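*Asks:* Got a predicted model here, sequence first, then my questions.
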Number of protein chains: 2
Amino acid sequence: MKVRVVENVLKLNDEVASMNRLTLRQAGVFTLDLIGAPGCGKTALLERTLRELHGKLHMAVLVGDLTTTRDADRMVQWCDQVVQINTGKGCHLDANQIRQAMAQIDLAGLDVLIIENVGNLICPVGFDLGQDVKVGMFSVSEGDDKPAKHPYLVHEASVLLLNKTDLLPYVPFNLERFRQDIAQLNPNVPLMELSVVKGDGFDAWRQWIETKAAAARGAAAIHTQ
Amino acid sequence: MKVRVVENVLKLNDEVASMNRLTLRQAGVFTLDLIGAPGCGKTALLERTLRELHGKLHMAVLVGDLTTTRDADRMVQWCDQVVQINTGKGCHLDANQIRQAMAQIDLAGLDVLIIENVGNLICPVGFDLGQDVKVGMFSVSEGDDKPAKHPYLVHEASVLLLNKTDLLPYVPFNLERFRQDIAQLNPNVPLMELSVVKGDGFDAWRQWIETKAAAARGAAAIHTQ
């Protein structure tokens, strides 16, 4: 009984996620689902991304948290379309929450939709939201063993980020081991090492988003011809 | 239907947790459930705790992870009773996993049982395991907003730890704001600020465990008279 209910919940989630994906792709929006532990720097990454791409790309953010609007408050100065989704005790976002939040933003002319998932390395991985890609985010201060201990995220991610490289001199962290564990689990996933606070390595991330946004726009244009 | 199944699962969990608690209290064992985000330093805290209390207290550890035995491997040099519980994709430990793992350790003469929960600030909070206390662990590199964003853990915890105070000079972190958010959410919870790596503030934590272990032994002795 228990398993069947869970299967039905996941199946319903997948159906709504497919609807979200169709809507977003038809609108030419590139959508990413950002997944990382609490405090790995997801909101700081988005703040800087919104700031650096301000005036170049139209972006919107859907941000999940148990409670408070602190993350949304940090981003609104660089983005006029930020929707906070408070999940209460919920440990991940689901496709229906995204569907409801999408109704609050204007997709016309939008280039990029970023979903900042609830800070959690585990539960968000299993839920399709309708995104184009999942981005997995680690940080140096969490330790080098996190990819090995969270293989499902490494498998599912299209890009992995390692943030807080500016802390490498101050904490125990074996960068070679970190890279090797990822290469073993998912040999093809790109790894971007960066410091959001200092800006090191940020260009590669920003350019990646710009490239993806252009591709999504191009695909939608072909589709509607 | 969905809600009823979830309620039944939680009710069954609570019943098994009560059995665990009775068994552990009768054996005079002080049991804590350690909850924190991935990479906040749970395993490092336990390594140091086991080392400093080696020969003084008999301790056992049940450690939850999605996969790998890396955490258990780090602790076995200081503790002959470490059981790794691999949860697969499970985002928290439950009382039945603890019950099964307890069968693999010798409770006779044991002073302290530490349960290192899966690295996750959300899901473990809702599951009683049979512990005496939940200990919530944050770290400086996660940012000062984590108590406000995870109020359920702050409410449920009997003690809160702030680890990695040695990183305060290198990261943005408002210690006053962190303390104030906790004081608002749970005015009576003790907060211990420490650096597991450097040892600053560690004495208070070690002494707290020694005091709790003595009290659990004393309570069991009175009970069996």
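*Replies:* On my side now, so go ahead. Numbers count the residues shown, from 1 in each chain, chains lettered A, B, ... in the order given.
*Asks:* Do a quick rundown of the helices in chain A.
*Replies:* A:2-26, A:42-52, A:70-75, A:95-102, A:146-149, A:151-156, A:175-185, A:202-224 (DSSP state H).
*Asks:* how about the longest one: buried residues?
*Replies:* Of the residues in helix A:2-26, those with enough neighbours to count as buried (16 or more other C-beta atoms under 10 Å in any protein chain shown) are A:13, A:16-17, A:20-21, A:24-25. In short, each C-beta sits where N, CA and C put it, glycine included.
*Asks:* which ones are touching the closest residue to residue A:126 other than its chain neighbours?
*Replies:* Excluding the flanking residues, the one nearest residue A:126 by C-beta to C-beta, 6 or more residues apart in numbering or on different chains is residue B:89, at 6.7 Å. Residue B:89 makes contacts with A:122, A:125-126, A:152, B:66, as judged by C-beta atoms under 8 Å, 6 or more residues apart in numbering or on different chains.
*Asks:* For the buried residues of helix A:2-26, which two are the farthest from each other?
*Replies:* Among the buried residues of helix A:2-26, the pair separated by the greatest distance (C-beta to C-beta) is A:13 and A:25, at 18.3 Å.
*Asks:* gap between residue A:7 and residue B:75?
*Replies:* Separation of residue A:7 from residue B:75 (C-beta to C-beta, to the nearest Å) stands at 37 Å.
*Asks:* ditto for residue A:49
*Replies:* The value you get for residue A:49 to residue B:75, if C-beta to C-beta is used, is 39 Å.
*Asks:* tell me what the lowest-mean-pLDDT helix or strand in chain A is packed against?
*Replies:* Each helix and strand of chain A was given a mean pLDDT (mean pLDDT, DSSP states H and E); the minimum falls on helix A:2-26 at a mean of 85. Helices and strands touching helix A:2-26, by 3 or more C-beta pairs under 8 Å, 6 or more residues apart in numbering or on different chains; DSSP states H and E, are helix A:95-102, helix A:202-224, helix B:2-26.
*Asks:* These into a markdown table, with extra columns for distance to residue A:187?
*Replies:* Formatted as a markdown table, these follow (distance: least, C-beta to C-beta, whole Å):
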| stretch | distance to residue A:187 |
| --- | --- |
| helix A:95-102 | 29 |
| helix A:202-224 | 19 |
| helix B:2-26 | 38 |
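*Asks:* Geometric centre of chain A: which residue is closest?
*Replies:* Nearest to the mean C-alpha position of chain A, counting by C-alpha atoms, centre = their mean, stands residue A:34 at 1.4 Å.
*Asks:* Would you agree that one is in contact with residue A:44?
*Replies:* No. With contact defined as C-beta atoms under 8 Å, residue A:34 does not count as touching residue A:44 (11.6 Å).
*Asks:* residue contacts, the residue nearest to the centre of chain A?
*Replies:* If a contact means C-beta under 8 Å, 6+ apart, then residue A:34 has A:42, A:45-46, A:114-117, A:135, A:137 as its contacts.
*Asks:* Please repeat the previous calculation with a cut-off of 6 Å.
*Replies:* Going by C-beta atoms under 6 Å, 6 or more residues apart in numbering or on different chains, residue A:34 touches A:42, A:116, A:135.
*Asks:* and if you look at residue A:125?
*Replies:* Contacts of residue A:125 by C-beta under 6 Å, 6+ apart are A:152-153, A:156.
*Asks:* Throw those into TSV and include distance to residue B:214, neighbour count and pLDDT, thanks.
*Replies:* Formatted as TSV, the contacts of residue A:125 follow (distance: C-beta to C-beta, whole Å; neighbours: other C-beta atoms under 10 Å in any protein chain shown; pLDDT from 0 to 100):
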residue	distance to residue B:214	neighbour count	pLDDT
A:152	42	17	96
A:153	42	26	97
A:156	47	18	96
